[in-house]
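> What follows is a predicted protein model with its sequence.
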Amino acid sequence: MDKSSALEYINQMFPTEASLSGVEPLMQKIHNEIRKVDGEILAAVRQQSNSGTKAKEDLAAATRAVEELMYKIREIKTKAEQSETMVQEICRDIKKLDFAKKHITTTITALHRLTMLVSAVEQLQVMASKRQYKECAAQLEAVNQLCSHFEAYRDVPKITELREKFKNIKQILKSHVFSDFSSLGTGKETEETNLLQQLSDACLVVNALEPSVREELVNNFCSRELTSYEQIFEGAELAKLDKTERRYAWIKRRIRTNEEIWKIFPSSWHVPYRLCIQFCKKTRKQLEEILNNMMEKPDVGTLLLALQRTLEFEDELAEKFGGGAQSREVGNDIEEIGKGESTGQNVSDIRKKYEKKLAAHQENSTEEMGGNKDLSAPAAGFNFRGIISSCFEPHLTVYIELEEKTLMENLEKLIQEETWDIEEGSQNNVLSSSMQLFLIIKRSLKRCSALTKSQTLYNLLKVFQRVLKAYATKLFARLPKGGTGIVAAATGMDGQIKTSDRDERVICYIVNSAEYCHKTSGELAESVSKIIDSQFADMVDMSEVQDEFSAVITKSLVTLVHGLETKFDAEMAAMTRVPWGTLENVGDQSEYVNGINMILTSSIPVLGTLLSPVYFQFFLDKLASSLGPRFYANIFKCKHISETGAQQMLLDTQAVKTILLEIPSLGRQTSGAASYSKFVSREMSKAEALLKVILSPIDSVADTYRALLPEGTPMEFQRILELKGLKKADQQSILDDFNKHGPRITHPSIAPPAVTAIQPAPTAPVAPLISSTSLGLIASREDVLTRAAALGRGAATTGFKRFLALTEAAKDRKDGPFRKLFNA
């Protein structure tokens with residue numbers, strides 16, 4: 001207890017002076033408590049002293065108990081060792097007797113088996129000499145089992161002697177069996193009735209001998225059977241390509257004739273199967289020699305007929321023995337070429353197609369489960385498909401040359417018969433020659449895929465590429481061409497393309513046909529990659545052909561635009577012949593604007609109907625990018641433009657802009673109208689800006705030009721001054737001031753206020769670099785833009801009062817160009 005706590009305790013016990021009388025009793029009480037605590041401490045110390053002594057005694061007792069336990073464990077271990085020694089002494093003699101019994105038993109067993117082996121070998125020798133094959137087969141199995149027990153006694157002389165004797169007997173049996181089988185097929189089997197049974201028993205002997213004996217016997221039999229085949233078809237008379245079918249007839253007749261005789265062979269030997277494999281290898285070798293030794297190219301008909309018969313024979317072998325289970329169902333993949341959403345295939349057609357596929361698949365599964373394959377064929381069958389027919393592959397170039405010649409002739413015929421028009425009721429607006437060409441290509445592909453799916457099919461694909469490129473060239477050549485030569489150059493028509501309404505329709509048909517060919521070429525490549533051999537699948541590519549048709553599409557659309565441009569020539573010339581400098585008042589839109597409207601009104605609806613949305617949008621973009629700059633450049637071809645003329649031309653510009661914006665609706669294709677409208681507005685705004693510059697006062701024309709046409713050049717600015725009718729002397733001072741301050745206005749660092757005029761392309765803000773003196777000479781950007789906007793509305797000159805009156809009157813009208821200008 002610290003000092004402050006003691007003081008608090010005292011003050012608590014004696015809060016007043018009167019309470020000090022209780023000090024003595026309190027002190028007495030505290031002394032009593034102290035004596036009580038001292039007594040308890042003394043008792044605890046004594047108790048602890050007694051506990052320590054007891055703990056030492058307990059520890060000593062535990063140590064003594066552990067020592068006694070260890071002594072007992074050592075005593076038990078010693079007694080156990082003594083007991084083990086006693087047991088070993090007792091069992092020593094018993095162990096010797098046990099080993100002796102085991103050895104005697106093994107010896108008796110070995111001697112018994114040796115006796116059996118000697119007897120069996122002697123019996124086998126007698127059976128072999130008498131050619132008792134059935135008994136020999138069973139005896140061979142027994143001797144083989146007995147010999148397996150003496151593998152550990154190979155070094156024993158008697159065992160070595162028996163094994164050598166057994167080996168000689170097997171060799172004798174082998175020679176007897178081979179000798180008997182040599183008479184098979186010579187006619188003796190019909191004379192000797194028991195020969196077939198004897199040979200059947202001999203097969204049991206062969207199974208009991210080493211597997212190599214069976215392989216040798218089967219190979220010898222197959223070679224002997226095919227000896228006559230080699231002799232027959234190596235002669236000069238039948239060693240010809242046109243006799244190929246007789247080869248397959250020979251082996252089929254041989255198998256059919258000897259089917260009953262060959263039943264003597266166990267089914268696990270697969271003798272007919274092995275015979276067919278050797279026949280195929282020998283036939284391939286002979287056909288290769290025939291093809292390689294030909295002095296001239298083989299006749300295509302004879303070559304294809306031999307190949308067709310070979311393929312049919314390979315299919316028969318594959319179906320009979322299994323192996324080469326790949327399906328030849330290539331027709332479905334080929335039929336899909338040229339069939340897509342564009343052909344109007346409905347849901348019921350798709351359902352029927354897949355139901356047919358499912359039925360064919362179930363039929364194939366039923367046939368496989370029906371077990372119509374030869375059960376004598378091995379599980380992992382040899383692939384008969386291609387074993388003979390592949391030798392024709394290097395010599396099929398004549399077939400490819402014939403196919404290419406035929407395809408090219410058909411192409412020329414299709415082009416000659418092409419009417420370049422579409423029949424009534426046609427939905428796809430595609431030329432008949434393109435669809436007929438792909439039908440011919442599909443038939444050619446079917447023919448080739450039925451013969452081969454290797455290098456020749458890939459070479460045929462290359463032919464398809466050349467034919468389709470030739471067709472693309474034909475389409476390209478049909479496009480209208482521009483005028484060339486001395487006459488065209490003299491008349492100013494050099495390079496211009498004149499197109500009639502029929503020409504425009506033909507161009508649209510060419511675009512659609514090229515699009516169809518582009519899409520179908522991709523489907524053709526996909527189908528070929530599915531059916532061709534895997535090593536050629538990655539090489540199948542029709543991108544070059546597709547690029548050719550893409551180029552035709554682009555050229556066609558550009559030709560379409562050039563044709564319309566040529567139609568616009570007369571209207572553009574009419575625009576320059578208008579006396580813009582002497583025009584007295586602003587009226588309705590000019591005649592050349594009506595001419596442009598008539599041209600577009602007559603052409604666009606047809607083009608919108610015939611072209612797809614993608615290509616129609618491409619055409620519109622090309623048209624806008626051509627007509628906008630051309631209209632802009634045509635303004636500079638005018639001689640002089642007065643203030644009234646500029647107002648009238650601005651009205652015409654707005655009318656042309658409105659006509660261009662209505663083109664998507666006119667063509668009934670508005671999917672990309674938003675982007676097209678922005679494009680037209682951007683291009684035509686340049687012409688509007690040029691006219692606003694021409695309308696600006698002389699003192700601010702340079703600033704207005706720099707503000708509205710920041711990309712302009714000094715030469716273009718000089719031409720604007722000429723259009724305004726300024727003389728050379730007056731132009732020079734303005735040009736000097738323009739060149740002095742540069743073609744563009746320097747942007748201030750402070751953002752200009754928003755104005756309603758057309759803004760130039762935004763640029764990055766820069767720091768103020770103009771001195772206060774220069775600012776006094778050059779108008780600020782916002783002032784120039786505001787004045788230009790006012791010029792665009794016609795509020796800067798007294799001559800515009802007439803134009804203002806016309807526009808105010810136009811508010812009450814429901815139609816007309818002025819009303820369109822108001823609504824724009």
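Happy to help now that I have it.
> pLDDT below threshold where in the stretch 151-300 of the chain?
The stretch 151-300 of the chain contains residues with pLDDT under 70 at 185-193, 235-237.
> Show me the strands in it, by range?
Counting by DSSP state E, counting those that start in this stretch, no segments of the stretch 151-300 of the chain form strands.
> Helices along that one, start to end?
Per DSSP state H, counting those that start in this stretch, the stretch 151-300 of the chain carries helices over the ranges 157-181, 188-191, 195-208, 211-233, 244-257, 271-292, 300-321.
> Now render those helices as CSV, adding distance to residue 412 and mean neighbour count.
Just so you know, the C-beta spots here come from the backbone N, C-alpha and C atoms, and that holds for glycine as well. Listed next are the helices of the stretch 151-300 of the chain as CSV, based on distance: least, CB to CB, whole Å; neighbours: other CB atoms under 10 Å:
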stretch, distance to residue 412, mean neighbour count
helix 157-181, 65, 16
helix 188-191, 66, 12
helix 195-208, 67, 19
helix 211-233, 43, 15
helix 244-257, 35, 16
helix 271-292, 33, 19
helix 300-321, 21, 19
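> Let me have these in TSV, adding distance to residue 667 as columns.
Output for the helices of the stretch 151-300 of the chain, formatted as TSV (distance: least, CB to CB, whole Å):
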stretch	distance to residue 667
helix 157-181	87
helix 188-191	89
helix 195-208	85
helix 211-233	72
helix 244-257	63
helix 271-292	61
helix 300-321	52
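> Tell me which of those lies nearest to residue 395.
In terms of CB to CB, the element of the helices of the stretch 151-300 of the chain nearest to residue 395 is helix 271-292, at 5.0 Å.
> what angle do that closest one and helix 195-208 make?
Here helix 271-292 runs at an angle of 90 degrees relative to helix 195-208 (axes from the mean of the first three to the mean of the last three CA atoms, to 10 degrees).
> Tabulate the CA atom coordinates of helix 271-292 in PDB.
What follows is helix 271-292, C-alpha atoms only, in PDB (Å, rounded to 0.1, in the frame of the first residue of the first chain):
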ATOM      1  CA  VAL A 271      -5.600 -68.400 -95.300                       C
ATOM      2  CA  PRO A 272      -8.000 -66.700 -97.900                       C
ATOM      3  CA  TYR A 273      -7.200 -63.300 -96.200                       C
ATOM      4  CA  ARG A 274      -3.500 -63.900 -96.400                       C
ATOM      5  CA  LEU A 275      -3.800 -65.100-100.000                       C
ATOM      6  CA  CYS A 276      -5.700 -61.900-101.000                       C
ATOM      7  CA  ILE A 277      -3.000 -59.700 -99.400                       C
ATOM      8  CA  GLN A 278      -0.300 -61.500-101.400                       C
ATOM      9  CA  PHE A 279      -2.400 -61.300-104.600                       C
ATOM     10  CA  CYS A 280      -2.900 -57.500-104.100                       C
ATOM     11  CA  LYS A 281       0.900 -57.000-103.600                       C
ATOM     12  CA  LYS A 282       1.800 -59.000-106.700                       C
ATOM     13  CA  THR A 283      -0.900 -57.300-108.700                       C
ATOM     14  CA  ARG A 284       0.300 -53.800-107.700                       C
ATOM     15  CA  LYS A 285       3.800 -54.700-108.700                       C
ATOM     16  CA  GLN A 286       2.700 -56.000-112.100                       C
ATOM     17  CA  LEU A 287       0.500 -53.000-112.700                       C
ATOM     18  CA  GLU A 288       3.300 -50.600-111.800                       C
ATOM     19  CA  GLU A 289       5.500 -52.300-114.300                       C
ATOM     20  CA  ILE A 290       2.800 -52.000-117.000                       C
ATOM     21  CA  LEU A 291       2.200 -48.300-116.300                       C
ATOM     22  CA  ASN A 292       5.900 -47.500-116.100                       C
END
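> Phi first, then psi, for residue 72.
phi -70, psi -40 (degrees, to the nearest 10).
> what's the neighbour count on it?
9 (other CB atoms under 10 Å).
> measure it to residue 148 for me?
Using CB to CB, to the nearest Å, residue 72 is found at 60 Å from residue 148.
> how close does the residue nearest to residue 204 when sequence neighbours are not counted sit to residue 165?
Nearest residue to residue 204, sequence neighbours excluded (CB to CB, 6 or more residues apart in numbering): residue 137, at 3.7 Å. For residue 137, the distance to residue 165 equals 19 Å [CB to CB].
> got it, and residue 643?
135 Å.
> Residue 731 now?
For residue 731 relative to residue 165 (CB to CB), the value is 132 Å.
> Assess the claim that residue 436 and residue 415 are in contact.
No: contact criterion CB atoms under 8 Å: residue 436 and residue 415 do not qualify, at 10.6 Å.
> list the buried ones in stretch 564-572?
Across stretch 564-572, burial judged by 16 or more other CB atoms under 10 Å covers 564, 565, 566, 567, 568, 571, 572.
> Return the subset of those residues lying in helices.
Cross-referencing the buried residues of stretch 564-572 against helices under DSSP state H gives 564, 565, 566, 567, 568, 571, 572.
> Which pair in these has the greatest spatial separation?
564 and 572 (11.9 Å).
> Pick out the residue nearest the middle of the protein.
residue 526 (9.9 Å; CA atoms, centre = their mean).
> Which helix or which strand is home to it?
Secondary structure from DSSP states H and E places residue 526 in helix 501-531.
> Does anything pack onto that helix? Which helices or strands?
helix 331-335, helix 432-451, helix 455-478, helix 543-577, helix 591-610 (3 or more CB pairs under 8 Å, 6 or more residues apart in numbering; DSSP states H and E).
> nearest to residue 296, of those?
helix 455-478 (19.7 Å).
> same for the closest one, what does it pack against?
helix 397-417, helix 432-451, helix 501-531, helix 534-537, helix 543-577.
> Just name the most buried of these.
Comparing these by mean neighbour count (mean count of other CB atoms under 10 Å), helix 501-531 comes out on top with a mean of 21.
> what does the average pLDDT come to for that one?
Mean per-residue pLDDT for helix 501-531: 91.
> between the helices and strands packed on helix 455-478, which one is nearest to residue 225?
Using CB to CB, these put helix 432-451 closest to residue 225, at 29.9 Å.
> what does that closest one rub up against?
304, 307-308, 311, 328, 330-331, 334-335, 337-338, 389, 396, 399, 403, 406-407, 410-411, 414-415, 417-419, 423, 456-457, 460, 464, 467-468, 471, 513, 516-517, 520, 524, 527-528, 531 (CB atoms under 8 Å, 6 or more residues apart in numbering).
> cool, stretch 549-569 as well?
Outside stretch 549-569, the residues touching it (CB under 8 Å, 6+ apart) are 468, 472, 475-476, 479-480, 482, 496-499, 503-504, 507-508, 510-511, 514-515, 517-518, 521, 596, 599-600, 603, 607, 615, 618-619, 622-623, 626-627, 630.
> Can you get me a residue count around residue 79?
Neighbours of residue 79 using other CB under 10 Å come to 10.
> Compute the mean per-residue pLDDT across the host helix or strand of it, please.
Per DSSP H and E, residue 79 falls inside helix 23-130. Mean pLDDT, helix 23-130: 85.
> Give me the angle between that helix and helix 157-181.
Using the same axes, to 10 degrees: helix 23-130 against helix 157-181 is 60 degrees.
> What average pLDDT does stretch 724-733 get?
Here the average pLDDT along stretch 724-733 is 77.
> Extract the C-alpha set from it and format it as PDB.
Taking Å, rounded to 0.1, in the frame of the first residue of the first chain, the C-alpha atoms of stretch 724-733 are listed here in PDB:
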ATOM      1  CA  LYS A 724     -15.500  37.000-106.500                       C
ATOM      2  CA  GLY A 725     -14.600  39.100-109.500                       C
ATOM      3  CA  LEU A 726     -11.600  40.900-108.000                       C
ATOM      4  CA  LYS A 727      -9.100  42.400-110.400                       C
ATOM      5  CA  LYS A 728      -5.500  41.300-110.300                       C
ATOM      6  CA  ALA A 729      -4.300  44.500-108.600                       C
ATOM      7  CA  ASP A 730      -6.900  44.100-105.800                       C
ATOM      8  CA  GLN A 731      -6.100  40.400-105.400                       C
ATOM      9  CA  GLN A 732      -2.400  41.000-104.900                       C
ATOM     10  CA  SER A 733      -2.700  43.000-101.600                       C
END
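> Right, I'll leave it there.
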